[in-house]
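Student: Structure for the following, please:
(4 chains)
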Number of protein chains: 4
Amino acid sequence: MSRTPIPDPIFTLTTGPVDAYPAVLRGLSRPVLYDYDPAFLAHYEAVNEKVRRAFRSASQPVILHGEPVLALEAAAASLIAKGDVVLNLVSGVYGKGFGYWAARYAGEVLELAVPYNEVLSGEAVAEALRNRPDIAVVALCHHDTPSGTVNPANEIGAAVRAAGKLLIVDAVSSFGGMNVLPEACEADIFVTGPNKCLGCPPGLSLLHVSDAAWRKMEANPDAPRASMLSIVDWRRAHEATQPFPFTPSVSEINGLDAALDLYLAEGDEAVWQRHALTAAACRAGIKAAGLSLWAASEDIASPTCTAVRVPEGVDEAKLRSAVRERYGVVVSSGRGETLGKLIRIGHMGPTARPIYSLVAVAAVAGACAALGVKGIDVGAGVAAAMRVIDSAAA
Amino acid sequence: MSRTPIPDPIFTLTTGPVDAYPAVLRGLSRPVLYDYDPAFLAHYEAVNEKVRRAFRSASQPVILHGEPVLALEAAAASLIAKGDVVLNLVSGVYGKGFGYWAARYAGEVLELAVPYNEVLSGEAVAEALRNRPDIAVVALCHHDTPSGTVNPANEIGAAVRAAGKLLIVDAVSSFGGMNVLPEACEADIFVTGPNKCLGCPPGLSLLHVSDAAWRKMEANPDAPRASMLSIVDWRRAHEATQPFPFTPSVSEINGLDAALDLYLAEGDEAVWQRHALTAAACRAGIKAAGLSLWAASEDIASPTCTAVRVPEGVDEAKLRSAVRERYGVVVSSGRGETLGKLIRIGHMGPTARPIYSLVAVAAVAGACAALGVKGIDVGAGVAAAMRVIDSAAA
Amino acid sequence: MSRTPIPDPIFTLTTGPVDAYPAVLRGLSRPVLYDYDPAFLAHYEAVNEKVRRAFRSASQPVILHGEPVLALEAAAASLIAKGDVVLNLVSGVYGKGFGYWAARYAGEVLELAVPYNEVLSGEAVAEALRNRPDIAVVALCHHDTPSGTVNPANEIGAAVRAAGKLLIVDAVSSFGGMNVLPEACEADIFVTGPNKCLGCPPGLSLLHVSDAAWRKMEANPDAPRASMLSIVDWRRAHEATQPFPFTPSVSEINGLDAALDLYLAEGDEAVWQRHALTAAACRAGIKAAGLSLWAASEDIASPTCTAVRVPEGVDEAKLRSAVRERYGVVVSSGRGETLGKLIRIGHMGPTARPIYSLVAVAAVAGACAALGVKGIDVGAGVAAAMRVIDSAAA
Amino acid sequence: MSRTPIPDPIFTLTTGPVDAYPAVLRGLSRPVLYDYDPAFLAHYEAVNEKVRRAFRSASQPVILHGEPVLALEAAAASLIAKGDVVLNLVSGVYGKGFGYWAARYAGEVLELAVPYNEVLSGEAVAEALRNRPDIAVVALCHHDTPSGTVNPANEIGAAVRAAGKLLIVDAVSSFGGMNVLPEACEADIFVTGPNKCLGCPPGLSLLHVSDAAWRKMEANPDAPRASMLSIVDWRRAHEATQPFPFTPSVSEINGLDAALDLYLAEGDEAVWQRHALTAAACRAGIKAAGLSLWAASEDIASPTCTAVRVPEGVDEAKLRSAVRERYGVVVSSGRGETLGKLIRIGHMGPTARPIYSLVAVAAVAGACAALGVKGIDVGAGVAAAMRVIDSAAA
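Tutor: Here you go, the predicted structure:
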């Protein structure tokens, strides 16, 4: 194994790729089976079944063999038919970005947007749907990771369902870390990935598809087929008797299998609870240390990612460098419009454990102080985070 | 780790997914780094450099983050411009299949085909190019795995170059197992994957792209951009200073890194030699055991895959089941037109070692005998394979 | 990871250290826990319980933290009291060797020996015990690995029990590969290791200790205490509430845990059956190839190790070198008196699968032929091994 | 892999077994080679050579195949001859404990002791040697881990050398984490293990042996031979041409190989520096949080272990439980006389990185506060630790 001269960080507290669970790393190192070997076919079916249980759904999920941008592009290409009017809900960079894919396939794309530190409401969506009854598809980015804010998916889903429209939900960085489930939010296509809150490396997408979405995609002559971008090709691929459209990513499936075993054994509510507590401690610590949260109000801040406003006068890249060089901690930058304005601390999978919030608060606050930011109090920050942790233990 | 009740096979002697090297499995289990972490950026650049060295090329390769069908579809979508006349060379199922992708993007697709147990010649290609000077792009599947036969890539490449056309070469299952290199065969886009002769799991594609191909793709308004199918988006992604178009498959890169270290340390010619010897021993054994090769002549049989004709009256699926159940050995079936007519023994990566040919010959011949095929002589088969191995040792 | 320039072999078909199961290798790579961490204490207790189930015993086993020679030396030092008369049963080098340890602690050591290609009988042991009623302890090497022969442990155990003596059984290389169980053979101390038929690396010993043996050891003032050689110190170490005498080998315990999961899931009788079949196929193949077994009769040949007589005029070291260099296969040499006279093919753990017998027969026979031995027929050997395998499948 | 219901801790900040480096875990999962395979023999020789380089010694080290208590017992048994007068230096529980082994083999054991929170001096040792010129062997526990204090090894070694005596140094928990080297401290037998500062699991011992020690051991008729406790049996075992006295622990050697690669690549002084900085930050944090160090003065506190006095009225076991249950952090208890009086935070191998000191300080201080200790200030503790880290970065 050759190595670069740059040492690995000590803590990867990012929003993805995230630190993977040790059991997932061991899963990745399982022997590689031939995809048509009966043992692999049974294994693939079993892993799909575990995804289904994690989705708390009665219907069969789909696994696509690329990281979730594949699934999102494929969802746009498959579900949006020529001429469709699409309502794209925008509360951040990723929501905005989906509009570009939607525009490639739709007749018209409407946008309902809020500032990138706020979130949408079910009422606003309902109104938009009343204003334009010709809307066919609504697209929602549940947790817009570059902002660290969470939209009310179930409320919005109810509005979309009431209007009889189809809904695409990007829950890539929220599923597995909080209570967001495909059927509860009435998603027709629900996209997530194992590479965030499930603690796997990037390389797969997990989809829930409603009956209505299957019907529309299968009827859509422009939906990709015989393509990497196809969803319909994979509809029955989980069945041991069906062929794979192309070779599945065997090792990633093995890693996912290990991650789902952990998730199901711990219990989803317990997993969500530790994500929430870690984020709560982190937010308390960041504020007490003298820094500001990006989210306009704390109740919309994500339990899987804490976005911290970069103090005025600080270069964001230098801040992340200082965090890494001084303390060995890696955090995420913003993206697009939020790039340079915030840094993000991930609470996903193995790092969604409260004690990590201390590390994050100390490292970020310490680096700010080192860069000359006034009024930083590392001790107060850590103490505040500890109080949150301790209050949960009491 | 939950497991299915079907036990793993003992030997996976397939044509992909293949058995992975132990060092690759350990590579897959390395901690997952954030893709923008400086250590990962340097690592990614270093892995690209190793691909370049393995390609024996001066120009920078491209890694795409899906198994090689992604790269082939992307090559068709990117290099074939609207209205192009494409000459698709067909000596098997995969070559034929590329024509469907080509047709999606081209103005016209011409096909130059031979029976699926024969191969093309440079002369035939040169003639086809003389007949239709309006051809813009030629597509070649070097090793048509479902047939186990190898086209003369360098000879065909020379003909295409002489005519001034662009050439796409699918070397997915041959690169790394025999002497086929992007520049030697004058490929403008050369596609391979780590999941065959390099002994990795599926999940990545490796591409060489010529300057002419870059020029054409970048000038092609229909070439995918902001898409999983884009090649141009990734042109500079290997540079540590450039962003990734989307999240790379971190763990697969770690596995590839380990595989390239093995390949470069052993030396490509040594690796090719053991693939060749394993296949030669296997062919000798198969014939001496009383079975027939699929390839019309042995000189076109692949050093990375031995296709064995299914004896008359034998059900191919039952044959593979018998091979697995009696001896714990997994071999590959045919695909499409060759499905049911042949089985394939892979000699790729870690299984491209001569001793495996004994296992393969004994298991396949033994299963045939068990299914009632007359005239099978396992002992003669193994003895013949041994003579080939021994002659190399002398 | 630095590597030596000598490439790893392809197949390790030895009698120990043996090829480990992939799941064991993954077990070894589990995070290392503090030995007094509650999770490790519970884990250690659980692993002990799995050993107990594998022993099919009601009483608590003991794990010692060194490879089985530690347990054998410790057994001699602990159970043999000053002045004891010991009957050492000798059918090979390891049985003979135990006598040296016995002599260090005993008053007198009697030896009941047979030629090293034969085995002892219960009747002979009974007679020896009748002749010398002052014998206190009997020691038996069940499977004398350097000879590849198996003594009738249950029969001998019954004779010892009838005489009311204590019995030490070395079942290091037989337990887990055949039907030998501590209580069935009436062992007072039964020693085995995970590094043979359980498919783990060397580093631990597993012991069954009878109540009578505990009583004698605890009453023996010379039994090691506060020593690496102590057994009594570890009597209660499996209890989560008890301290460890010294730090246990955490990673080896993790590997053992994985091995026991495999063993118990497959079912001991199924495991024994595949060891037996592999050895039977191997013996048939060796003989048909024109070579000779070491064992005086085939019914005493071990199901976990096939000892093959080195043909006259052949240098044993050169033979093993040829097996490795030509075919990439590693087999074991003899030891002590059998060194140079035989080579040994292991059938232990993951290599106790019938198909490996073909590899072994072909490689050993091929190397003999290459060294000029006359009358070798590789094909006949492999064909004979196949017939045994096929007969079991029928 | 079956698992217990007790979840793994998040951070193992213990004094051994310690958290292992990820590369070591991958090393442990390498395929198991036969010990007499040429590739393993060369590997074993290469690993020995790396130990030699880590020891900065010209002479060949010895690896024993059990955790370091084996080596310490073996050193006592081998180097102390019948009738020898031994001077045992005692500054803690482990130093005291060696006296029991010494007494087993010596004619007389003298003890030079200090309170268990102080350390010895070269002058005191020199004086003791002047008082009893018949002393043959001196034994020193360099870092008495249960006290977290470090004796001046080089100064003591000089005194012993000046008097012409033999010196046994237990550097188990200090070597690799600070500047202590066998020849610099004039050790005749220097014992350490990979399972502390090198970041491996327990299971091996590493020894330096001087020429004088070899001479005495080889001349000592009572030195163990043909025993697990033998050192002399292993003198030449590193040579590829020599037999192993018994089977080496193959996987542990693979783990050690990976650990030594890390250690030598990082550079010993850099490794020592991060151990020192982590400990310094931890001590500053502990004090500022309102807790007390065990060591009588900070200059004798170990860079690899910070012993913290348990506040009055606090139950030590409850304190460690609270640290684990509230924060997922595992720390070590005391041993023997120090049990109940202190807890120990390890800074060894991968956890010897300054940022871990924050976690330790916060967790220990937080748990004390939760148990009702007055005057605890977590924030002040973490802030003080941060200042130490920041001062090193400046």
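Student: A:Val125 contacts A:Leu112, correct?
Tutor: Yes - using C-beta atoms under 8 Å, A:Val125 is in contact with A:Leu112, at 6.7 Å. Bear in mind the C-beta positions are built from the backbone N, C-alpha and C, glycine included.
Student: what touches both of these two?
Tutor: A shared contact of A:Val125 and A:Leu112, defined by C-beta atoms under 8 Å, 6 or more residues apart in numbering or on different chains, is any residue touching both; here these are A:Leu87, A:Leu89.
Student: So the two - more neighbours on which side?
Tutor: It is A:Val125, of A:Val125 and A:Leu112, that has more neighbours when counted by other C-beta atoms under 10 Å in any protein chain shown, with 27 against 20.
Student: How about that one: what's its closest non-neighbour residue?
Tutor: Nearest non-adjacent residue to A:Val125, counting by C-beta to C-beta, 6 or more residues apart in numbering or on different chains: A:Ala159, 4.6 Å away.
Student: Report the contact partners of the one you found.
Tutor: Contact partners of A:Ala159, counting by C-beta under 8 Å, 6+ apart, are A:Gly122, A:Glu123, A:Val125, A:Ala126, A:Leu129.
Student: For PyMOL, write the select line for the buried members of those residues.
Tutor: Selection of the buried residues among these in PyMOL, burial being defined by 16 or more other C-beta atoms under 10 Å in any protein chain shown:
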select buried, chain A and resi 122+125+126+129
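Student: any chance of the contacts of A:Ala159 in a markdown table, with pLDDT and secondary structure too?
Tutor: A markdown table is the format used below for those (pLDDT from 0 to 100; DSSP: H, G, I helix; E, B strand; the rest coil):
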| residue | pLDDT | secondary structure |
| --- | --- | --- |
| A:Gly122 | 98 | helix |
| A:Glu123 | 98 | helix |
| A:Val125 | 98 | helix |
| A:Ala126 | 98 | helix |
| A:Leu129 | 98 | helix |
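Student: Sort out which one of the contacts of A:Ala159 lies nearest D:Ile10 for me.
Tutor: For the contacts of A:Ala159, the closest approach to D:Ile10 (C-beta to C-beta) belongs to A:Gly122, at 37.5 Å.
Student: Quick one: neighbours of the closest residue to the closest one other than its chain neighbours, just the number.
Tutor: Nearest non-adjacent residue to A:Gly122, counting by C-beta to C-beta, 6+ apart: A:Glu155, 3.4 Å away. Other residues within reach of A:Glu155 by the criterion other C-beta under 10 Å amount to 15.
Student: hey, C-alpha coordinates of stretch A:130-144 in CSV?
Tutor: As requested, C-alpha coordinates have been extracted for stretch A:130-144 and formatted as CSV (Å, rounded to 0.1, in the frame of the first residue of the first chain):
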residue,chain,number,x,y,z
ARG,A,130,-53.1,25.8,-6.1
ASN,A,131,-51.6,28.6,-8.2
ARG,A,132,-50.4,26.2,-10.9
PRO,A,133,-52.7,23.1,-11.1
ASP,A,134,-50.7,22.0,-14.1
ILE,A,135,-47.7,21.1,-12.0
ALA,A,136,-47.0,17.3,-12.4
VAL,A,137,-44.0,16.7,-10.3
VAL,A,138,-42.6,18.4,-7.1
ALA,A,139,-39.0,18.1,-6.0
LEU,A,140,-37.8,18.5,-2.5
CYS,A,141,-34.3,18.4,-1.0
HIS,A,142,-35.2,17.4,2.5
HIS,A,143,-31.9,18.3,4.2
ASP,A,144,-30.0,20.8,2.1
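Student: All good on my end, thank you.
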